[in-house]
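Q: generate coordinates for the sequence data below:
(2 chains)
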Amino acid sequence: DQQVKQNSPSLSVQEGRISILNCDYTNSMFDYFLWYKKYPAEGPTFLISISSIKDKNEDGRFTVFLNKSAKHLSLHIVPSQPGDSAVYFCAARAYSGNTPLVFGKGTRLSVIA
Amino acid sequence: DVKVTQSSRYLVKRTGEKVFLECVQDMDHENMFWYRQDPGLGLRLIYFSYDVKMKEKGDIPEGYSVSREKKERFSLILESASTNQTSMYLCASSLLPEDGYTFGSGTRLTVV
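A: Down below sits the predicted model:
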């Protein structure tokens, strides 16, 4: 049972436009959400996170929105740049205890110059 | 910054070999994790450890074992490598189990 779902395996966006990556979750115990970015042949790197007590968190060109009622979060990248081309993973943690982060399958973003 | 170091970037091993993947972190993190990444399947948790000598199975532990004799080192062992274990292996560590992780650069393992 997939608790964190990224339903779009890939996304292509023109340079300068907005990229929107989506993530849905099923576990209502999740209280913290993270986005990781991964380039080929490298490990994932932390990008941005959001606590369930917030509905928005912004860091430069990156903004994450959380809709708890819909169990949905999204990552917005504005403006998109060619260097943003990577695989993006959504991850979630449950406050209930000693469990590892749960990752989605990832979305490959291609920013076209 | 926390550094997570995986000993090999690329490995080629033969079917049936015993394979050791090493991971070392330098920030005294309690928690360490092994994932594999495959196209279309995302990051799948193999094993994790919250303390020295402690290990827990993740979602896909079959064919793997782990060793954590020291806090900073977490080894993944493929007891008898098979071609379906060809993958990118990623080690991660964190201060608390629910914290964000710091990942190593990964080991691309090919089993022939």
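
Q: where in chain B is pLDDT low?
A: Scanning chain B for pLDDT under 70 picks out B:1-2, B:97-98.

Q: give the contact list for residue B:6.
A: B:21, B:22, B:23, B:89, B:90, B:91, B:104, B:105, B:106, B:107 (Cβ atoms under 8 Å, 6 or more residues apart in numbering or on different chains). C-beta: built from backbone N, CA, C; applies to glycine.

Q: of these, which is the most crowded?
A: residue B:91 (28 neighbours; other Cβ atoms under 10 Å in any protein chain shown).

Q: buried stuff in stretch B:7-26?
A: B:11, B:13, B:19, B:21, B:22, B:23, B:24, B:25 (16 or more other Cβ atoms under 10 Å in any protein chain shown).

Q: my bad, should have said stretch B:91-110
A: B:91-94, B:97-104, B:106-109.

Q: which ones among these come in contact with chain A?
A: Subset of the buried residues of stretch B:91-110 in contact with chain A: B:92, B:97, B:98, B:100, B:101, B:102, B:103, B:104, B:106, B:108, counting by Cβ under 8 Å from any Cβ of the partner chain.

Q: ok, which pair from those is furthest apart?
A: For these, the maximum inter-member distance is 28.8 Å, found between B:98 and B:108 (Cβ to Cβ).

Q: which strand residues bridge the closest residue to residue B:19 other than its chain neighbours?
A: Excluding the flanking residues, the one nearest residue B:19 by Cβ to Cβ, 6 or more residues apart in numbering or on different chains is residue B:78, at 4.0 Å. Here residue B:78 shows beta-bridge partners residue B:19, residue B:64, assigned using DSSP bridges.

Q: out of the buried residues of stretch B:91-110, which is nearest to chain A?
A: residue B:103 (3.4 Å; Cβ to the nearest Cβ).

Q: the closest one and residue B:4 touch, don't they?
A: Yes - between residue B:103 and residue B:4 there is a contact at 6.2 Å, judged by Cβ atoms under 8 Å.

Q: which neighbours do the two share?
A: By Cβ under 8 Å, 6+ apart, the residues touching both residue B:103 and residue B:4 are A:43, B:91, B:92.

Q: give me the subset of those residues that lies in strands.
A: Using DSSP state E, the members of those that fall in strands are B:91, B:92.
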